[in-house]
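*Asks:* fold the following and give me the result.
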Amino acid sequence: MTYIIGEACIDVKDISCQSVCPVDCIHEMDRMLVIDPEECIDCGACEPECPVEAIFPEDALPEKWEPFVPINTAYNESMDVVNQLAEQYATEHNVQNAPIE
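*Replies:* Presented below is the predicted three-dimensional model:
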């Protein structure tokens with residue numbers, strides 16, 4: 001099991017979760033942050049730090065956010081793939097999250 005960052009992070013990209021990650025597995029992409037499942041040690045330190053509640057253990061991810069499993073795992077393929085998948089999801093679902101001030 002790993003942690004997954006979902007829809008609520010798109011265009012928000014608050015890096016509070018990054019600062020508490022002991023293995024630096026949270027990476028910033030064009031429109032969101034993603035967790036590299038190969039680096040994640042499942043410690044859960046990031047989950048309570050997320051101000052928009054976008055981080056879930058994979059087995060507790062809301063069903064509507066299942067498309068974020070391949071978005072997060074695509075980090076191992078390339079950043080371009082992650083960015084394309086996130087952009088496609090945001091466009092298809094008309095995601096317009098406001099950045100945190």
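
*Asks:* CA atoms for contacts and neighbours, from now on please.
*Replies:* OK.

*Asks:* report the contact partners of residue 37.
*Replies:* Contacts were defined as Cα atoms under 8 Å, 6 or more residues apart in numbering; by that measure residue 37 touches 2, 3, 25, 72, 73.

*Asks:* please, which helix or strand holds it?
*Replies:* Using DSSP states H and E, residue 37 sits in no helix or strand.

*Asks:* name the surrounding residues that touch the longest helix along the chain.
*Replies:* Secondary structure of the chain read by DSSP state H shows that its longest helix is helix 79-92. Outside helix 79-92, the residues within contact range by Cα under 8 Å, 6+ apart are 10, 29, 30, 31, 32, 67, 71, 72, 74, 75, 96.

*Asks:* any of those buried? List them.
*Replies:* Buried members of the contacts of helix 79-92, counted by 16 or more other Cα atoms under 10 Å: 10, 29, 31, 32, 71, 72, 74, 75.

*Asks:* part of a helix, is the last one?
*Replies:* Okay, so that is residue 75. Yes. Remark: residue 75 belongs to a helix, assigned using DSSP: H, G, I helix; E, B strand; the rest coil.
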